[in-house]
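S.K.: What would the 3D arrangement of this be:
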Amino acid sequence: MRIVWKYLNKAWHWLSSMRTALVLLFLLAIAAIPGALLPQRSLNETNVNEYIANNGQLAEVYDQLQLFDVFESRWFVAIFVLLTISLVGCILPRTWDHYKAMKTPPTRAPKNLEKLPLHAKGDLDQPLEQVSAQAKKLLKKWKISEYQPEDDRAGAFSLAAERGYARELANLIFHLALVGMLVTIAAGRLVYYEGQVIVVTESGNYETPEIAQNTEFCNTSTANFDSFRAGALFDGTGLSTFCFDAHDFTADYLSNGQAEMFTSNISYAVGDDIFLPQEEWEDYQLKVNHPLRVSGDRVYLQGHGYAPTFTVTWPDGESRTQTIQWRPDDPTYFLSSGVMRFDPPAGTYPDLYERRQNQIAIQGLFAPTAEWTGDNGELLTSQYPAMLDPAVAIDVYRGDAGLDTGSAQSLFSLDTSLLHSGQLQKIERVNLTQGEEVTLDDGTVITFDGASEFANYQISRDPFQPWVLATAVIMLASLVGSLIIKRRRIWIRLRPTADGTGTHLEMGGLARTDRAGWGSEFDEIYRSLLGLPDPDEVEEDDLIDDRD
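M.R.: Predicted coordinates:
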């Protein structure tokens, strides 16, 4: 047990040293680099899957090393925890040492003050008691100790003064705030939640009658989100109750297509106010970096895109219309891709199996401002992100679109297994502008009605975020204090002159840290005690005499 205790003691001393804390902090910074360079599942799992598919075995090795989940990985958490323990182990003994240092009187003057970096001496026509009182008055903001001749190393009356204890205090506060920030960040990740919801905010300029869209979202259940993630201690029942209705979305673009500002006007209500008529809800204008703060949650305007609208009319006159968001593949000009699936109306095909074999699927590209390229001018691209001349290039499929198979279907692409098995058959490829239509071989008509703009809203809550901000501000303020405040000592030794009518003064100064600025302060005290003029005033008087 003695051997075990010996090695445990060594391990603790190693872990609680400032050198180890600096090494762990450096390792933490290095460990965070893959989280910035590689896609992370916590942010976008689709990007991670695409990266793995495109990079083969190397990406699989990355995945085994948890490089796509850096900030939740075991090795990152281990470094994080060790750093926190190391900092606590450094701070506690230093805090006790600092407390003892503040309670300890300044040390006695050395025997030979001439050997100190700062030294001065002179005679005054004043008794020792008066000079001592004047020195104490000048050093009233310093911590002072008096030493009688029998206690002084040179056998004379002396004063020892020290100042700048707040430097070490600021240093300790900095490290405490750093630990506090690490702890509050970790606690926040345990209880936070964050969800995204896509809302189609307007019906667009259709040639056909407008299709009403549900533009309201209520933060009452995790099932209302399109995507949702939360900390390990959040069980999904503590959502803040509020609703908002998205009235519109506006994007301002520069001439080169670069987005300048996103804006969305919404109205919202909290708690029981959600049952009031929407005319009585409060209005708010969401902008980038200007979230709505309500009930401790933050509602961000995160992104946008387009949702094309198609109407399918079957030969018997029955029709169905859908508006579904498509994924922007080009983040600059918003060339987007997506899928729509239509189930024939009940009664069109009496037999359920036959009805499933006549489902319609549409897959293709959408351009808000169409540009046709290629040899025959049939290749669709987008030349501007605003919706000035919308068009689509689509493939139309008939068959089993997988609507009622019980399996999850991608919102942006068809199930390739249905295509390979022949359950879905491509029957048409066509380019359409707004208002155009195509008639299939059985008389079914597909019309491209136009498109709406959708906005992506993010709802976030982290109850520890104010504490993270507070600890960060304290950490920066204390860091500035530890750099500005200087620890310094000064000794004043007083002896009666040979005739016994005056006092011989000898001073010495020592900077405990940086000497910058300490020399001028020492000279100021020395000149005040001896009644000497300011050197700047002396130079000015000499200059006046020279002119005279």
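S.K.: Burial check on Leu15, number of neighbours?
M.R.: 16 (other C-beta atoms under 10 Å). Where you see a C-beta, it was placed from the backbone N, CA and C, and this is true even at glycine.
S.K.: Repeat that for Tyr51.
M.R.: What Tyr51 shows, counting by other C-beta under 10 Å, is a neighbour count of 16.
S.K.: Please save the CA atoms from the helix or strand that contains it in CSV.
M.R.: Here Tyr51, judged by DSSP states H and E, is contained in helix 45-64. Taking Å, rounded to 0.1, in the frame of the first residue of the first chain, the C-alpha atoms of helix 45-64 are listed here in CSV:
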residue,chain,number,x,y,z
GLU,A,45,-25.5,13.9,-40.2
THR,A,46,-26.2,14.0,-43.9
ASN,A,47,-22.9,15.6,-44.6
VAL,A,48,-21.1,13.0,-42.6
ASN,A,49,-22.8,10.2,-44.5
GLU,A,50,-21.9,11.8,-47.8
TYR,A,51,-18.3,12.2,-46.7
ILE,A,52,-18.0,8.6,-45.7
ALA,A,53,-19.5,7.5,-49.0
ASN,A,54,-17.1,9.7,-51.0
ASN,A,55,-13.9,8.8,-49.1
GLY,A,56,-14.2,5.1,-48.6
GLN,A,57,-11.9,3.3,-46.1
LEU,A,58,-10.2,6.4,-44.9
ALA,A,59,-13.5,7.9,-43.8
GLU,A,60,-14.4,4.6,-42.1
VAL,A,61,-11.1,4.8,-40.1
TYR,A,62,-12.0,8.4,-39.1
ASP,A,63,-15.4,7.1,-38.0
GLN,A,64,-13.8,4.4,-35.8
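S.K.: C-terminal to that helix, what's the next element?
M.R.: Next along from helix 45-64, by DSSP H and E: helix 74-103.
S.K.: what about the stretch 351-500 of the chain, any weak spots by pLDDT?
M.R.: Scanning the stretch 351-500 of the chain with the threshold set as pLDDT under 70 gives 405-406.
S.K.: Show me the helices in it, by range?
M.R.: Applying DSSP state H, counting those that start in this stretch to the stretch 351-500 of the chain gives helices spanning 352-356, 416-420, 465-484.
S.K.: Pull out the buried positions in the longest one.
M.R.: Right, helix 465-484. 465, 467-468, 471-472, 474-475, 478-479, 481-482 (16 or more other C-beta atoms under 10 Å).
S.K.: returning to that earlier point: now tabulate the helices of the stretch 351-500 of the chain in a markdown table and tack on distance to Thr503.
M.R.: Formatted as a markdown table, the helices of the stretch 351-500 of the chain follow (distance: least, C-beta to C-beta, whole Å):
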| stretch | distance to Thr503 |
| --- | --- |
| helix 352-356 | 110 |
| helix 416-420 | 99 |
| helix 465-484 | 35 |
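S.K.: For Ala232, find the nearest of the ones you listed.
M.R.: Among the helices of the stretch 351-500 of the chain, the nearest to Ala232 by C-beta to C-beta is helix 465-484 (17.6 Å).
S.K.: Give me the helices and strands touching the closest one, please.
M.R.: In terms of contacts (3 or more C-beta pairs under 8 Å, 6 or more residues apart in numbering; DSSP states H and E), helix 465-484 is packed against helix 165-191.
S.K.: Mind checking the pLDDT average for the helix it packs on?
M.R.: Mean pLDDT, taken over the full extent of helix 165-191, equals 88.
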